[in-house]
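# mind looking at a prediction? Sequence and model below.
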Amino acid sequence: MIENPICPVCGAECETIYKDGDGNVIACDECISSRDSWEWLADEKEAEQDERDDRKYQEFRDEEIV
Ligand SMILES: [Zn+2]
């Protein structure tokens, strides 16, 4: 019986292994996901905005305490 290849990153049996430019295994089809790059960019911008809002709130609270 041939054992299925196991991903060194997540330990799952997988069909595809993904490597970086140096040949290091970085993921497999079980532990990597792809996303439409435009949707991803929108998410990133949103997260950035949220972070900024959080900081503003934090500064506001810090002033209140002092
Ligand atoms: Zn994996």
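Perfect, I can see it now.
# quick one: contacts for Asp20?
Asp20 sits next to Ile26 when contact means Cβ atoms under 8 Å, 6 or more residues apart in numbering. Placement of C-beta: from N, CA and C, glycine included.
# quick one: it from Val9, how far?
Applying Cβ to Cβ, to the nearest Å, the value for Asp20 to Val9 is 12 Å.
# what residues are shared contacts of these two?
Ile26.
# which pLDDT value goes with Met1?
We have a pLDDT of 72 for Met1.
# quick one: it from the ion, how far?
Distance, Met1 to the ion, using Cβ to the ion, to the nearest Å: 22 Å.
# tell me how many other residues crowd that residue.
Neighbours of Met1 under the rule other Cβ atoms under 10 Å: 3.
# quickly list the domain ranges of this protein.
1-33, 35-66 (automatic domain parsing).
# excluding covalently adjacent residues, which one is nearest to Asn4?
In this structure, Asn4 finds its nearest non-sequential neighbour in Glu13, 4.1 Å apart by Cβ to Cβ, 6 or more residues apart in numbering.
# let me know which of the domains of the chain is tucked in deepest.
Mean neighbours per residue, mean count of other Cβ atoms under 10 Å, is largest over these for domain 1-33, with a mean of 12.
# start to end distance for that one?
30 Å (Cα to Cα, to the nearest Å).
# that one: how far from the chain's middle?
17 Å (Cα atoms, centre = their mean, to the nearest Å).
# and stretch 48-61, by the same measure?
22 Å.
# and what of stretch 17-36?
12 Å.
# cool, stretch 31-38 as well?
That offset, for stretch 31-38, works out to 9 Å (Cα atoms, centre = their mean).
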